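quick one: sequence plus predicted model below, questions after.
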Amino acid sequence: MTEQSQPAHHAQDSAAAPLARAEAGVPEHGDGRHEESPGAIAVTELIDREHAAAPAPEEAAAEPAAARKQSGPAQHKWWTLVGVCLGTFMLLLDVTIVNVALPDIQSALKSSFSDLQWVVDAYALTLAALLLTAGSLADNFGRRKLYVIGLTVFTVASLLCGAAQTTLMLQLSRGLQGVGGAIMFAVSLALLADAFRGKDRGVAFGIWGGVTGLATAIGPLLGGALTTGLSWRWIFFVNLPVGIAAVIIVLLRVAESRAPKARRPDWLGFAVFSVALAALVYGLIESSERSFSDTRVLAALIAAGVLLVAFVVIEIGKSEPMFDFSLFRKPTFTGGAVAAFGMSASAFALLVYFVLYLQNVLGFDALNTGLRLLVMSGGILITSAVAGRLTSHVPIRFLIGPGLLVVGVGLLLMRGLDVGTVWTHLIPGLVVIGAGVGLVNPPLASTAVGVVEPQRAGMASGINSTFRQVGIATGIALLGTLFSNRVTSEVLSRVSGDPQLKGRGSELATAVRSGAIGKVLAKAPAAARHSIEQIATGSFAAGLNLILLVAAFIAFGAGVVALATIRSKDLVNAEH
């Protein structure tokens, strides 16, 4: 998500091979043959070994019914695919659909800059914290049962998000969405792996992989259309019919399954890890409103450090840990985790600030913002297809490492923003970033599970996914702090040279950070409006230039680590 004899988490294990192939975009020929990377080949063997080890009919008859019930009637398997794809689409859509609605949310709920950060991070945090534990619960209590619970929680939380009347209610509801999302994400692939066998399994996971790409790509556009055409609340309400339909399908048409030797949930590890992440992100976000020397901020960051150390100690001491730190002895696994974190903390964390710039500074509505972000989404889709083919012929470190370096170059291309910048300045950078992300995602998915033996592939995949979510949460918080501090210093510096605005520096800085400069302009004397507008635009651009540079260094650092540590020889049955 120890080198031990105990079986790893079965639900995640059975999902590992399809997850690698679906996310990796492994191409399929017309005759059904797949061009597979070493990682995909390795995790494909997981399926083969499962069937090779399957008991004979007479042995199976002696097994308890709960252990034998691993797949439903053949006619129901395609309904399983429909139910899982609906849930996955809804889950991944909410990762990107919210970004373009943030300025409207800010205006409607009178949210501060840190409030907006929590709207995004509350979802990522709960998703990251619960991801590894949710699979264990499904193994013990039933995968279909947990999936329905996840769908229900996510759908109800979406209703609460859409009905939120305060920022706090929206943040709490987003956190609840993350809980439901973590359960769905952890269980969905296990349901598919249980329902499908043979060639149908490849078809099912190909469809599932297409749905994941579609949801990620159209999120900004759909969010923009709903926000502009109806209201920001509809980016959440749109989940209701999808969620209800998915619940009905799963209850009526999906078979229940459990793992015969399920491990117990690691509640202590889950609690310590969750509080540590929350304290870390809280400290980073609050530092943008206060300072790193503030007592509350220091206390949060120190508590996060202590709890993270405690989490490591707890997991190392367990015979069946939820987070197996021995995996990091493999350089390729470590490199993959760093790459996952770096990608999320740079390119994806910056999406929030791109949206704020396009809407609050350049004046685009949500729909036009979503249309412009399609430049990056298109790049991701095109190069993902290319990278899927290259994984069969090129050592994966020469895709992951250079891909991250390309992302860094794209971020640098977007710098140089100033008062007179128009949106077309962003196009080269967005295209290059999309190309880099597309190069990284396919091989990274297979690397996460390809470095371990099949019975441990589920945990390896879960840990890699956790690093992605932690990267988004901490990236948004860290970049937000740097952005806020630079905007404040820029505004104060520029105001000091304008006699008309003397003494209004703090007010203007707060307005620029929170996207409320329009209200300040409306109340300002006509003679001062041009100066205020120039100061606001220039200060916002300066803040964005800074975090683009920082994000580029994060991507470059992750790329260098990936090149240095990811080795094809570490992959199970490596061919390169």
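Thanks, I have it.

need the contact list for Trp79.
Ile249, Leu252, Arg253, Val254 (C-beta atoms under 8 Å, 6 or more residues apart in numbering). In this view, the C-beta of every residue, glycine as well, is placed from N, C-alpha and C.

are any of those residues buried, and which?
By neighbour count, with 16 or more other C-beta atoms under 10 Å, those hold Ile249, Arg253, Val254 as buried.

and the contacts of Trp79 as CSV, adding pLDDT?
Formatted as CSV, the contacts of Trp79 follow (pLDDT from 0 to 100):
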residue, pLDDT
Ile249, 81
Leu252, 77
Arg253, 74
Val254, 70
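
which ones among those residues map onto strands?
Among those, DSSP state E puts none in strands.

helix, strand or coil: sort out His491 for me.
Heads up, residue 491 is Val, not His. Here Val491 is recorded as helix under DSSP: H, G, I helix; E, B strand; the rest coil.

what sits against it?
Contact analysis of Val491 by C-beta under 8 Å, 6+ apart lists Gly505, Leu508, Ala509, Val512, Ile535, Ala536, Ser539.

hmm, back to that, narrow the contacts of Trp79 to those in helices?
Among the contacts of Trp79, the ones falling in helices (DSSP state H) are Ile249, Leu252, Arg253.

distance of the second one relative to Leu146?
Leu252 sits 17 Å away from Leu146, going by C-beta to C-beta, to the nearest Å.

also Leu91?
Leu91 is 14 Å from Leu146, by C-beta to C-beta.

ok, now Ser465?
For Ser465, the distance to Leu146 - C-beta to C-beta - is 17 Å.

now for the helix or strand harbouring Gln171, which elements pack on it?
Per DSSP states H and E, Gln171 falls inside helix 167-195. Here helix 167-195 touches helix 10-24, helix 77-96, helix 102-109, helix 113-141, helix 143-163, helix 198-229, going by 3 or more C-beta pairs under 8 Å, 6 or more residues apart in numbering; DSSP states H and E.

now those helices as CSV including distance to Ala245 and mean pLDDT?
Converted to CSV, those look like this (distance: least, C-beta to C-beta, whole Å; pLDDT from 0 to 100):
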stretch, distance to Ala245, mean pLDDT
helix 10-24, 22, 41
helix 77-96, 6, 77
helix 102-109, 26, 84
helix 113-141, 21, 78
helix 143-163, 10, 88
helix 198-229, 15, 72
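
single out the most deeply packed of those.
When the helices and strands packed on helix 167-195 are scored by mean count of other C-beta atoms under 10 Å, the highest mean neighbour count falls to helix 10-24 (a mean of 29).

go ahead and confirm Ala108 touches Thr167.
No - Ala108 lies out of contact with Thr167 (C-beta atoms under 8 Å); the separation is 9.6 Å.

that older thread, need the contacts of Trp79 in TSV (columns: distance to Ser274).
Converted to TSV, those look like this (distance: C-beta to C-beta, whole Å):
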residue	distance to Ser274
Ile249	31
Leu252	34
Arg253	34
Val254	29
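
still on that earlier bit, for the ones in helices among the contacts of Trp79, which one is nearest Leu544?
The closest of the ones in helices among the contacts of Trp79 to Leu544 turns out to be Ile249 (C-beta to C-beta; 43.7 Å).

what's the closest non-adjacent residue to that closest one?
Gly83 (4.2 Å; C-beta to C-beta, 6 or more residues apart in numbering).

what about that neighbour, distance to Ile218?
20 Å.

could I get the phi/psi values of the most centrally placed residue in the chain?
Geometric centre of the chain, nearest residue: Gln469, 4.6 Å, by C-alpha atoms, centre = their mean. Main-chain torsions, Gln469, degrees, to the nearest 10: phi -70, psi -40.

thinking again about what came up before, any idea how far the helix holding Gln171 is from the chain center?
Relative to its parent chain, helix 167-195 has a centroid offset of 12 Å by C-alpha atoms, centre = their mean, to the nearest Å.

just stretch 422-438 next, same as before
20 Å.

cool, and stretch 320-334?
For stretch 320-334, the distance from its own C-alpha centre to the chain's C-alpha centre is 20 Å (C-alpha atoms, centre = their mean).

what about that stretch, average pLDDT?
Averaged across stretch 320-334, pLDDT comes to 78.

before we move on, what about stretch 358-376?
Averaged over stretch 358-376, pLDDT sits at 83.

list the buried ones in the helix or strand hosting Thr332?
Assessed by DSSP H and E, Thr332 sits inside helix 331-343. For helix 331-343, burial by neighbour count (16+ other C-beta under 10 Å) applies to Thr332, Phe333, Thr334, Gly335, Gly336, Ala337, Val338, Ala339, Ala340, Phe341, Gly342, Met343.

mind putting those into CSV with distance to Gly229?
Putting the buried residues of helix 331-343 into CSV (distance: C-beta to C-beta, whole Å) gives the following:
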residue, distance to Gly229
Thr332, 46
Phe333, 45
Thr334, 46
Gly335, 44
Gly336, 40
Ala337, 40
Val338, 41
Ala339, 38
Ala340, 35
Phe341, 36
Gly342, 36
Met343, 32
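
tell me the one of the residues you listed nearest Trp232?
Within those, proximity to Trp232 (C-beta to C-beta) peaks at Met343, which comes in at 27.3 Å.
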